[in-house]
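Peer 1: requesting a structural model of the entry that follows:
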Amino acid sequence: MVRRSPGSKLLWTVLLYFLAQGQSLDLKDLMDRAVQQSDKLHFLSASLKHDLDSHLPVTMGKIPRLSLCHTSSLNTPTEKSHALSLPEAELLSLIRTLLLSWKDPLLALSSETLSLAHPYKNRLSTKAKQLHEHSNNLSTGLKTLADRMGTLPSSHSPISYDKNLGEDIESQTVNFHFLLSCFRRDSHKIDNFLKILRCKAGILQQACQ
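Peer 2: Numbering: from 1, shown residues only. Okay, the predicted model is just below:
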C-alpha cells in the first residue's frame, strides 16, 4: 500500500476540488472563465512588453518581422467574419493549438529572463513566470471546455519551438523582444477567438456583431 505524505494528500485534495468545480460548472461559466483567463493573459503580455520597452529600448530594425513568428504558419482567421464562419469545434481546436504552440517558448521566456541586462529583470522574471502559469491554466480550462462540448481531439499539430534566446546580451534582448511581440499578437488572437466562440455557443450575442 502506497502511503502519501501530508503535502501530497493536500495537493491531491486540492486537485480533486478543482476537478469537481470544473465538472459542476455549466458551459456558460466555463466559457466565461476561459475568456477571463485569456483577458489576463493578453493584459499581462502587454504589461510585460511595456516594461521591457520602457527601460530597455531596442532598435526596431533589429527585431524580426511578426510574419516570422513560429506560429505564423498556422492558418488562423485574419478577419472576424472568417472566425464566425468556422464551426465551434474547429475554432476551439485552433485556439488550443495556438496556445499549445507557446508552451515551450513561454517556458524559455520565464526561465531565461534573469539573464537579460535589464535594471528591472526581477520584475520581468516575475511577470514572465505568471505568463507561463496563466497559459497553463488556460490550456487546462480549454481541455475541460473541449470535453464538455464533446469535441474531437484537435486535427492541428502545435508548432514546435526549440530555440534558446541566444548566447550574447544583444541576441538575448532581441529574441526576448521578438518572442514577446509574437505572443502579444497571438494572445490577442486567442482572446478574440474565445469571445467569438462564446458568442457562437449562444452566450453574449453582441460579440457576434
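Peer 1: make it CA atoms for all contacts and neighbour counts henceforth
Peer 2: OK.
Peer 1: wait, residue 134 sits on residue 37?
Peer 2: Yes: counting by Cα atoms under 8 Å, residue 134 does reach residue 37; the two are 7.0 Å apart.
Peer 1: got any residues that touch both of the two?
Peer 2: Both residue 134 and residue 37 lack any common contact, where contact means Cα atoms under 8 Å, 6 or more residues apart in numbering.
Peer 1: buried residues, stretch 32-42. List them.
Peer 2: Residues 32-35, 37-42 are the ones in stretch 32-42 that count as buried (16 or more other Cα atoms under 10 Å).
Peer 1: swap that for stretch 111-128, sorry
Peer 2: Buried-residue list, stretch 111-128, by 16+ other Cα under 10 Å: 112-114, 116, 118, 121, 124-125, 127-128.
Peer 1: what are the phi and psi values for residue 87?
Peer 2: phi -60, psi 150 (degrees, to the nearest 10).
Peer 1: residue 197 versus that one, what's the distance?
Peer 2: Counting by Cα to Cα, to the nearest Å, the gap from residue 87 to residue 197 is 9 Å.
Peer 1: more crowded one of those two?
Peer 2: The neighbour comparison of residue 87 against residue 197 (other Cα atoms under 10 Å) goes to residue 197, with 27 against 12.
Peer 1: surely that one is in contact with residue 92?
Peer 2: Yes: with contact defined as Cα under 8 Å, residue 197 and residue 92 form a contacting pair (7.2 Å).
Peer 1: let's test this: mean pLDDT of stretch 182-192, rounded?
Peer 2: For stretch 182-192, the mean pLDDT works out to 95.
Peer 1: can you tell me the element the closest residue to residue 165 other than its chain neighbours falls in?
Peer 2: Using Cα to Cα, 6 or more residues apart in numbering and skipping the chain neighbours, the partner closest in space to residue 165 is residue 172 (4.8 Å). Assigned by DSSP states H and E, residue 172 falls within helix 169-200.
Peer 1: buried residues in that helix, which are they?
Peer 2: 172-200.
Peer 1: just checking, what packs against it?
Peer 2: helix 27-55, helix 80-85, helix 88-100 (3 or more Cα pairs under 8 Å, 6 or more residues apart in numbering; DSSP states H and E).
Peer 1: so after the last one, what's the next helix or strand?
Peer 2: For helix 88-100, the following helix or strand on the C-terminal side (DSSP H and E) is helix 103-112.
Peer 1: so which bits of that next one are buried?
Peer 2: 103-106, 108-110, 112.
Peer 1: show me where pLDDT drops low in the chain?
Peer 2: Residue ranges of the chain with pLDDT under 70: 1-25, 56-61, 151-156, 203-209.
Peer 1: now with 90?
Peer 2: By pLDDT under 90, the weakly predicted segments of the chain are 1-31, 50-67, 73-75, 78-81, 86-90, 108-109, 111-121, 144-177, 198-209.
Peer 1: how about the contacts made by residue 113?
Peer 2: Neighbour list for residue 113: 121, 124-125, 128 [criterion: Cα under 8 Å, 6+ apart].
Peer 1: sounds good, over and out.
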